[in-house]
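Peer 1: pasting the sequence and the predicted model now:
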Amino acid sequence: MKLREIAKLLNATVCIGENRLDEEVEHAFASDLMSDVLTLKDTPMLITGLCNVQTIRTCDMATLDIIIVVRNKKVTEDMLELAEDNGMVILSCAYSMFKVCGMLYEAGIKPLF
Amino acid sequence: MHQEYTVVEGDFVNAGKASSSVKKTLKQLNVDPTKIKRVVVALYEAEVNAIAHAYGGKVLVDIDSDKIKMVVADKGPGIPDIALAMQEGYSTARPEVRDMGFGAGMGLPNMQKNVDKLNVTSEVGVGTTVEMEVNF
């Protein structure tokens, strides 16, 4: 599924990474626990309610570069700066984590485990 | 190649700066990306621990052609029972640490899983030193 389609489906704002919206995404992982994200061997799209600079750093360390922030959490300037340095995509939407996971699963995005 | 970084107590905004810098260096040295990931994940967890639990410390990194050695040495309360701290799920983290997405008792186990050699030494009331090595 293309990121552009994901953004449309979730009625999401593209905070950064407009240039990558034609990329395809196959897998997603949802967590607010960054230590859990750090255990991943693969590099799925991350769905999270944790919205601070550690979200971006964790993704940098775990080599994840597509993030969906749920519940309209404010993506701060320092997050955007760090995300830009690392060429990441951040989408922000109003829906809950449960709803986002359900919608994306239904649309064909696969889980890792 | 030797690098040193300072870790400041409670400075969560800068947690991961040392790991991020090491990542850039290893990329420039064309180290295998899967090894880079193991190195930076372990170092990042150690950095977060030093910031979360201690009163500051140092990160010392030595990169050779065949391996990287990392030492995270903090001044802090120390760990009374290292075996217990190594258990997945055991945590003494404050709510502030959990708000940053950590503190679930996965730090030391995550380090163990990603490095080839891990040595944790600690003295209560003095501090903790975590030594890690990853072979390239």
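Peer 2: Noted; the coordinates are in hand.

Peer 1: contacts, neighbours, all on C-alpha from now
Peer 2: OK.

Peer 1: give me the element A:Ile56 is part of.
Peer 2: Remark: A:Ile56 resides in helix A:53-61, with elements defined by DSSP states H and E.

Peer 1: what strands flank the helix or strand just after that helix, and is each parallel or antiparallel?
Peer 2: Helices and strands here follow DSSP H and E; after helix A:53-61, the next one along the chain is strand A:66-69. Paired strands of strand A:66-69, with direction, are strand A:45-48 (parallel), strand A:89-92 (parallel) (DSSP bridges).

Peer 1: same question for the top helix by length along chain B, mean pLDDT?
Peer 2: Among the segments of chain B that qualify as a helix by DSSP state H, the longest is helix B:33-53. For helix B:33-53, the mean per-residue pLDDT is 96.

Peer 1: what about A:Ile90, neighbour count?
Peer 2: A:Ile90 has 25 neighbours, counted by other Cα atoms under 10 Å in any protein chain shown.

Peer 1: report the central residue of chain B.
Peer 2: To find the centre residue of chain B, average its C-alpha atoms and take the closest one (Cα atoms, centre = their mean): that gives B:Ala46, at 1.7 Å.

Peer 1: where does B:Thr6 sit, in terms of helix or strand?
Peer 2: Per DSSP H and E, B:Thr6 falls inside strand B:2-7.

Peer 1: partner strands of that strand, with direction?
Peer 2: strand B:57-63 (antiparallel).

Peer 1: chain B contacts on chain A?
Peer 2: If contacts are counted using Cα under 8 Å from any Cα of the partner chain, the residues of chain A sitting beside chain B are A:32-36, A:38-39, A:50, A:52-55, A:57, A:60-63.
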